[in-house]
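J.: Fold the following for me, if possible:
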Amino acid sequence: MAAPRAEGQDRQRDAERTRAEILDVATREFADQGYTGARVDEIAAKTSTTKRMIYYYFGGKEQLYVAVLERAYSVIRAVEQELDVEHLAPVEAIRGLAELTFDHHESHPDFVRLVSIENIHRAEHIATSATLANLANPALDVLARILERGRADGVFRQDVDALDVHMAISAFCVFRVANRYTFRAIFERDMLDPGRREHHRRMLGDAVVAYLTAR
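T.: Residues are numbered from 1 along each chain as shown. Got it, this is the predicted structure:
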């Protein structure tokens, strides 16, 4: 007979797996159908659980959607925090951060779609999340340290705002993924063409470095 503690740990692991599975499926569903079009019934049908269990774990459709957003943002924030740039010169460090964002957004198109969808809703769901509010400052911590070192070394211009640099990097990376299909339809060029990937990756780094080092 299993010990009570072991049984409790097994139940907790099962709950964590179930919750993760729901979030995986819900992420795809919300990214594909939007908040309004997504259906909890459909999410339940694509998981090994039930609609009742989804409500048990998350409370409702809106709470599930917010949980999806929280996890999506937490992933990129965690990657940024783990980026080891302290041993790099400021220029190489800022290029590394830009390239990391480029790689993440390209490999997580659902994240880009979720951000676009939430902007359609004017961030009304994100505004309810304390978790997402607390992720704001860590998003700039790594960037701010790089900029501070660059200014101290006389490499970066002094009138630099970390949030502006973050915006510039995000703008390039989000546009490339979010507008892939309209851009291709209008200009007959696929921005995610593997043959152009390294060119775009280098282009982003060059643009950010050029802005920061301009006199």
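J.: Stretch 60-69: which residues count as buried?
T.: Of the residues in stretch 60-69, Lys61, Gln63, Leu64, Tyr65, Val66, Ala67, Val68, Leu69 count as buried by neighbour count, 16 or more other CB atoms under 10 Å. Backbone N, C-alpha and C define where each C-beta goes, glycine included.
J.: How confident was the prediction at the fifth one?
T.: By that I understand Val66. pLDDT, Val66: 98.
J.: That one contacts Ala123, doesn't it?
T.: No: using CB atoms under 8 Å, Val66 makes no contact with Ala123, being 11.3 Å away.
J.: one step back: looking at the buried residues of stretch 60-69, which are in helices?
T.: Under the assignment DSSP state H, those contribute Lys61, Gln63, Leu64, Tyr65, Val66, Ala67, Val68, Leu69 to helices.
J.: For the longest helix along the chain, name the packing helices and strands.
T.: In the chain, with assignment by DSSP H, the single longest helix is helix 4-37. With contacts defined as 3 or more CB pairs under 8 Å, 6 or more residues apart in numbering; DSSP states H and E, helix 4-37 has these neighbours: helix 40-45, helix 51-58, helix 61-82, helix 109-120.
J.: For that helix, buried residues please.
T.: Buried-residue list, helix 4-37, by 16+ other CB under 10 Å: 18-19, 22-31, 34-35.
J.: Show me which of those residues is closest to Ala171.
T.: Of all the buried residues of helix 4-37, Ala31 has the smallest distance to Ala171: 20.0 Å, by CB to CB.
J.: can you redo the ones in helices among the buried residues of stretch 60-69 as TSV with distance to Arg176?
T.: Shown next, in TSV, are those (distance: CB to CB, whole Å):
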residue	distance to Arg176
Lys61	30
Gln63	31
Leu64	28
Tyr65	25
Val66	27
Ala67	27
Val68	22
Leu69	21
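J.: Quick one, grab the pLDDT at the residue nearest to Asp110 when sequence neighbours are not counted.
T.: Excluding the flanking residues, the one nearest Asp110 by CB to CB, 6 or more residues apart in numbering is Ala31, at 4.0 Å. On pLDDT, Ala31 comes in at 98.
J.: Which residues lie in contact with Ala31 in this structure?
T.: Listed by CB atoms under 8 Å, 6 or more residues apart in numbering, the contact partners of Ala31 are Pro109, Asp110, Arg113, Leu114, Ile117.
J.: buried subset of those residues?
T.: Buried among these (16+ other CB under 10 Å): Asp110, Arg113, Leu114, Ile117.
J.: out of these, what pair is the most spread apart?
T.: Checking the buried ones among the contacts of Ala31 with CB to CB, the most distant pair is Asp110 and Ile117, at 10.2 Å.
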